[in-house]
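Visitor: the following comprises the amino acid sequence and a computationally predicted model.
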Amino acid sequence: MLAVFVGLGPMTQWSDGGNRVAFASPDCVNGASGLAAYYFDVANNKGTLNLSNGQPWVITLTDIDGSLVTGNRVYHLLIQDHGTGSGWETLPTQTHHDFYGAGGHLLQSDDNGWTVRSSHGFNPGDVPGTYDLRVVMSQRADDKWDISPYFRLPGGDWTLFYDGSWVTAAAFDLTKTRVAVGIDAGGGGTLCFTAPTADGVDLSNVYVDDDWAGTDPNVEVESGKFFGLNAFAAIQDGIDAVTTGGTVDVYPGTYNQDEANDRDPDTGGAGSSDFNIFVNKALTIQGVDDSGAPITDYDDVAAYVSPKRNTGGGHTDTIFVQADDVTITGLDVTGWTDEGYENNKTLESIGDNLTVKYNQLHGMDGAAALYMYDPHFDPDTDTSHVQSYLVEANLLDGG
């Protein structure tokens, strides 16, 4: 269900003043010339958000009341790059109020240039009062944007638009971004709402739970946990996403689908070797219980990790640690046993300052449950790269 969009006319920007109805809460804006701009430096006429800082972002507008909007009854949530040196891109989310009848709104999520990419229509009476909008967005490696538009009705959950998530047609940065709310040029009256929020998704702590397998990207699986951003079903995905020095929380479950391909075991970067789980940055991987509390006794481990495949080339480990300053706690880790191929090393490390605590590591009668060596030893200076490690309070068997 798509509607013809009436073009956006000139609007007046303001922040804490200007064409604004003087209500403390909610905020309101009047008429087609009214645009409420947030995260906006008025004096320097530029947005204050850098959405291209490497974090995913969640833009939320709540308590939207368009019952007093008149005319064509179209209003917008706008994510705009605004300021000298910006590209002036705009990503709109439109509401066509009562488009299909009273309470039958049409929601549209648009690309830069106002091309509709995802929509959601309601039957008359479905939206009898206020509602909320949310845009979950992240910049890809090619600098295009993954966009997931959501709505929420009173007492309901966040729901992805019927047409789902989409990717911008063009690549662009959003380094001087503001968030604005306003009424279309063909409308009038008053639009009220609670001021929008823009929240960066913290990637210093990410979460892994096999129960989330099959979840659509950017869906909020638990409060503040967005699948594919900081919440994952596989441990390797969490390792790849977390920031250096961060923590990967692994919830109870079975983890046997991890793959890390085309890696270099020497540098940690791109290469020609395949692994099951490959750790190439300083971090903590910790098993946690259902409440999220870290496991502190190997008898309580509930996250069961095993290799997906025989990777060959001497790398058939369940976990290979390439980086320094890695901590692994509270997991049950099993080695490879299939295809008549003896387990190589269940947990293998070449990094300095490795900490291994509260785990059960099963060697499967192979080479080793835990194997550490130092390929970066310098024979010319007789200097070891590996200077320290801590292995404490684990159960190691079958090595």
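Guide: Nice, thanks for sending it over.

Visitor: center of the chain - which residue?
Guide: Of all residues in the chain, the one closest to the mean position by CA atoms, centre = their mean is Leu229, 1.7 Å from it.

Visitor: wait, what's in contact with that one?
Guide: Pro56, Val136, Ser138, Val201, Leu203, Asn218, Ala241 (CB atoms under 8 Å, 6 or more residues apart in numbering). Every C-beta, even on glycine, is put in place using the N, C-alpha and C of the backbone.

Visitor: so which bits of stretch 327-347 are buried?
Guide: When burial is assessed from 16 or more other CB atoms under 10 Å, stretch 327-347 yields the following buried residues: 327-337, 343-347.

Visitor: pLDDT value on Asn256, please?
Guide: For Asn256, the model assigns a pLDDT of 90.

Visitor: need the contact list for the spatially closest residue to it that is not a sequence neighbour.
Guide: Closest residue to Asn256 apart from its sequence neighbours, by CB to CB, 6 or more residues apart in numbering: Ser306 at 4.6 Å. Contact analysis of Ser306 by CB under 8 Å, 6+ apart lists Thr254, Tyr255, Asn256, Thr318, Val333, Thr334, Gly335, Trp336.

Visitor: skipping adjacent residues, who's closest to Gln94 in space?
Guide: Per CB to CB, 6+ apart, closest to Gln94 is Gln108, 4.4 Å.

Visitor: isn't the one you found up against Thr93?
Guide: Yes. Gln108 is within contact range of Thr93, at 7.1 Å (criterion: CB atoms under 8 Å).

Visitor: tell me the bridge partners for Ile328.
Guide: Ile285, Val356 (DSSP bridges).

Visitor: what about it, distance to Val305?
Guide: Distance, Ile328 to Val305, by CB to CB, to the nearest Å: 10 Å.

Visitor: give me the common contacts of those two.
Guide: Joint contacts of Ile328 and Val305 (CB under 8 Å, 6+ apart) are Ile319.

Visitor: now for Trp212, how many residues are close by?
Guide: Residues near Trp212, counting by other CB atoms under 10 Å, number 20.

Visitor: now do the contacts for it.
Guide: Val221, Phe227, Ala231, Phe232, Ala233.

Visitor: most neighbours, which of those?
Guide: In terms of neighbours by other CB under 10 Å, these top out with Phe232 at 27 neighbours.

Visitor: ok, back up a step: distance of the residue nearest to Asn256 from Thr337?
Guide: From Ser306 over to Thr337 (counting by CB to CB), the distance is 9 Å.

Visitor: for Phe232, same thing?
Guide: Using CB to CB, one obtains 26 Å as the distance from Phe232 to Thr337.

Visitor: what's the end-to-end length of stretch 282-293?
Guide: Stretch 282-293 has its terminal residues 21 Å apart, counting by CA to CA, to the nearest Å.

Visitor: actually, stretch 246-263.
Guide: 21 Å.

Visitor: over to stretch 356-376?
Guide: Start-to-end, stretch 356-376 (CA to CA) is 21 Å.

Visitor: flag every buried residue along that stretch.
Guide: Those buried within stretch 356-376 under the rule 16+ other CB under 10 Å are 356-364, 366-372.

Visitor: in strands, which of those fall?
Guide: With DSSP state E as the criterion, strands contain Val356, Lys357, Gln360, Leu361, His362, Ala368, Ala369, Leu370, Tyr371, Met372 from among the buried residues of stretch 356-376.

Visitor: what's across from the residue nearest to the last one when sequence neighbours are not counted in the sheet?
Guide: On the basis of CB to CB, 6+ apart, the spatially nearest residue to Met372 that is not a chain neighbour turns out to be Ser349, at 4.9 Å. Taking DSSP bridges, one obtains Val321, Met372 as the residues bridged to Ser349.

Visitor: now do the helices in the stretch 101-250 of the chain.
Guide: Here the stretch 101-250 of the chain has its helices, by DSSP state H, counting those that start in this stretch, at 235-241.

Visitor: can you pull out the strands in it?
Guide: With DSSP state E, counting those that start in this stretch as the criterion, the stretch 101-250 of the chain has strands at 106-111, 115-121, 131-139, 145-152, 159-160, 166-167, 177-183, 187-200, 205-208, 220-222, 225-226, 231-232, 247-250.

Visitor: can you list the ones you listed in TSV and add distance to Gly66?
Guide: Output for these, formatted as TSV (distance: least, CB to CB, whole Å):
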stretch	distance to Gly66
strand 106-111	11
strand 115-121	15
strand 131-139	9
strand 145-152	13
strand 159-160	19
strand 166-167	24
strand 177-183	9
strand 187-200	6
strand 205-208	36
strand 220-222	24
strand 225-226	27
strand 231-232	32
strand 247-250	40
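
Visitor: how about these, which one is nearest His82?
Guide: His82 lies closest to strand 177-183 among the strands of the stretch 101-250 of the chain, at 5.1 Å (CB to CB).

Visitor: so what pLDDT did Val6 get?
Guide: 28.

Visitor: which among the buried residues of stretch 327-347 gets closest to Val301?
Guide: For the buried residues of stretch 327-347, the nearest to Val301 is Asp332 (4.4 Å; CB to CB).

Visitor: right, and that closest one touches Asn359 too?
Guide: Yes. With contact defined as CB under 8 Å, Asp332 counts as touching Asn359 (7.1 Å).

Visitor: what touches both of the two?
Guide: Common neighbours of Asp332 and Asn359, counting by CB under 8 Å, 6+ apart, are Gly287, Val301.

Visitor: so how far is Thr296 from Gln286?
Guide: 10 Å.

Visitor: the two - which one has more neighbours?
Guide: Set side by side, Gln286 and Thr296 show more neighbours around Gln286, with 21 against 14, by other CB under 10 Å.

Visitor: which of the contacts of Trp212 sits closest to Asp146?
Guide: Using CB to CB, the contacts of Trp212 come closest to Asp146 at Phe227, 12.0 Å.

Visitor: which intervals of the stretch 151-300 of the chain have sub-threshold pLDDT?
Guide: Residue ranges of the stretch 151-300 of the chain with pLDDT under 70: 262, 272.

Visitor: noted, bye for now.
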